[in-house]
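> give me a 3D structure for the following:
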Amino acid sequence: MPELNAFSQTGSVSEILSALRALQTRDDYVESEVKRTGGIATKWWLGCGGSALLAFLCIFLVGAIAVVGVPLLIIAVIAGIVCLVFGIKWSSLCGKWRAQDLDDRRMALGVRFLEVLGQDIPNKAKCTLAINFDGYLKHGKLVAEQRGREIYPIRLAKYEDFWFSATGRLHDGNRFRLSVEQVVNRKEKRKPKYTKVLERTADKVTLVMRIAPEGYPNWQQLAQTLQPGMADGLQIMRADVRDGIVRLVGLTPLCERRSGRGEQVGGEENLATGDTLLKLFLYAYDKLQYCRPQAPGQGGAAPAPEAPPAQ
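Residues are numbered from 1 along each chain as shown. From the prediction side, this is the model:
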């Protein structure tokens with residue numbers, strides 16, 4: 001069973017979507033195998049526990065009812081060994097399948113993005129899409145770290161993980177490059193028997209688009225209309241227009257995950273989805289409509305809308 005932790009393909013929208021959906025189908029099968037093998041492993045471990053309990057009881061029965069106790073003890077020990085061997089075997093198999101279980105949110109993001117934006121990409125045009133499914137601890141980059149010297153040490157760390165990218169050309173001639181970077185602030189506090197972990201996570205979405213001047217001759221107006229602020233729940237951190245290139249950076253609200261004794265997650269729905277990426281395109285094109293050529297007989301450039309107030 002080969003490990004699948006990343007997807008990268010260049011081709012038409014239909015080709016990439018077909019490959020992504022095939023990967024989704026395989027991931028559904030992997031998840032079913034995780035559930036199946038995990039269930040079988042649980043049954044063997046329960047059998048192992050039952051055999052241990054029976055062996056424990058037989059030890060006390062040996063003195064009182066030796067005739068019954070000894071055979072039962074032998075049976076319990078043999079059964080325990082068998083359950084232990086098969087418990088380890090199925091747990092190991094479950095672990096191998098679990099290692100191939102891909103992040104459903106990241107998979108769905110790529111599919112949703114191409115299903116919608118792909119309608120504005122020429123059928124034969126080549127585009128590229130890449131997704132990494134490893135978590136930030138494995139695939140990301142540690143950019144800051146601070147350690148305390150208390151009795152129970154505290155570690156503060158910041159990670160950045162570029163896990164999604166897409167490039168292509170639209171029907172109107174505009175070319176785009178899109179990326180998603182996961183930003184995680186992680187706090188670890190050691191306890192005598194476990195470690196408390198707090199993760200504050202946000203996705204930073206960056207859209208770089210080269211404007212086709214023949215379709216948008218008044219693209220300079222974007223410098224006044226694209227401004228930092230809020231756009232449909234997405235915080236626009238940066239909006240630059242230079243030499244016909246637009247750069248937009250949006251940040252999602254935070255998701256908090258606490259773990260240690262148990263796990264609590266809040267705001268998981270805030271992380272980037274395919275619709276989050278589309279919101280950034282919609283924000284840019286809402287302003288681009290004022291940069292199109294003027295109709296015959298209409299003099300001057302189209303009036304630019306008032307810039308939204310910075311927040």
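> what is the least confident helix or strand in this structure?
The helix or strand of the chain with the poorest confidence is helix 66-99; it has a mean of 83 (mean pLDDT, DSSP states H and E).
> list the buried residues of that helix.
By neighbour count on 16 or more other Cβ atoms under 10 Å, the buried set for helix 66-99 is 69, 72-73, 76, 79-80, 83-84, 86-87, 90-91, 93-94, 97. For the C-beta atoms, the positions are set from N, CA and C on the backbone; glycine is no exception.
> what's the answer for stretch 237-252, then?
Neighbour counts over stretch 237-252 (16+ other Cβ under 10 Å) mark Ala239, Val241, Val246, Leu248, Val249, Gly250, Leu251, Thr252 as buried.
> what about that stretch, how long is it end to end?
The first and final residues of stretch 237-252 sit 10 Å from each other (Cα to Cα, to the nearest Å).
> and the contacts of it?
Contacts with stretch 237-252, where a contact means Cβ atoms under 8 Å, 6 or more residues apart in numbering, come from 202-211, 213, 219-220, 222-223, 226-228, 231, 234-236, 270-272, 276, 279-280, 283-284.
> buried subset of the residues you listed, written for ChimeraX?
This is the ChimeraX syntax for the buried subset of the contacts of stretch 237-252, where burial follows 16+ other Cβ under 10 Å:
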select :202,203,204,205,206,207,208,209,211,219,222,226,228,231,234,235,236,270,271,272,276,279,280,283,284
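> tabulate the buried residues of stretch 237-252 (a markdown table), appending pLDDT.
Written out in a markdown table, the entries for these read as follows (pLDDT from 0 to 100):
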| residue | pLDDT |
| --- | --- |
| Ala239 | 91 |
| Val241 | 92 |
| Val246 | 94 |
| Leu248 | 95 |
| Val249 | 95 |
| Gly250 | 95 |
| Leu251 | 95 |
| Thr252 | 95 |
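> who are the contact partners of Leu222?
Leu222 is in contact with Ile211, Val241, Val246, Lys287, Leu288, Cys291, counting by Cβ under 8 Å, 6+ apart.
> report the secondary structure state of Asp240.
Classification of Asp240 using DSSP: H, G, I helix; E, B strand; the rest coil returns strand.
> quick check, nearest of the buried residues of stretch 237-252 to Cys58?
Each of the buried residues of stretch 237-252 was checked against Cys58 using Cβ to Cβ; the closest is Thr252, at 59.1 Å.
> sorry, back to before: off-centre distance for the least confident helix or strand of the chain?
On the basis of Cα atoms, centre = their mean, to the nearest Å, helix 66-99 sits 38 Å off its chain's mean C-alpha point.
> got a pLDDT number for the residue most central in space within the chain?
Within the chain, one residue has its C-alpha closest to the average C-alpha position: by Cα atoms, centre = their mean, that is Arg106, at 4.3 Å. Arg106 is assigned a predicted lDDT (pLDDT) of 95.
> also Arg169?
For Arg169, the predicted pLDDT is 95.
> and it, what is it in contact with?
Per Cβ under 8 Å, 6+ apart, neighbours of Arg169: Ile121, Pro122, Ala125, Cys127, Arg175, Phe176.
> which residue ranges form the strands in the stretch 201-311 of the chain?
229-231, 234-242, 245-251, 255-260, 262-266 (DSSP state E, counting those that start in this stretch).
> out of the ones you listed, which is closest to Gly49?
Nearest to Gly49 among the strands of the stretch 201-311 of the chain is strand 262-266 (22.3 Å), distances taken as Cβ to Cβ.
> and the angle for the closest one with strand 255-260?
Put simply, strand 262-266 runs at 170 degrees to strand 255-260, going by axes from the mean of the first three to the mean of the last three Cα atoms, to 10 degrees.
> what strands line up against strand 262-266, and which way round?
The strands beside strand 262-266 in its sheet (DSSP bridges) come out as strand 255-260 (antiparallel).
> mean confidence for stretch 180-195?
Per-residue scores along stretch 180-195 average to 92.
> about what we covered before: from the contacts of Leu222, which is closest to Asp134?
Where the contacts of Leu222 are concerned, and distances follow Cβ to Cβ, Asp134 has its nearest neighbour in Val246, at 30.6 Å.
> narrow the contacts of Arg169 to those in strands?
Secondary structure defined by DSSP state E assigns Cys127, Arg175, Phe176 of the contacts of Arg169 to strands.
> pretty sure the second one contacts Arg210?
Going back to what we said before, that points to Arg175. Yes - distance between Arg175 and Arg210: 4.5 Å, which falls inside the contact criterion (Cβ atoms under 8 Å).
> let me see the domain layout of the protein.
In terms of domains, the chain is parsed into 13-99, 126-291 (source: automatic domain parsing).
> in TSV: the ones you listed, plus distance to Val111.
Putting the domains of the chain into TSV (distance: least, Cβ to Cβ, whole Å) gives the following:
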stretch	distance to Val111
domain 13-99	5
domain 126-291	7
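> I'm done for today, thanks for sticking with me.
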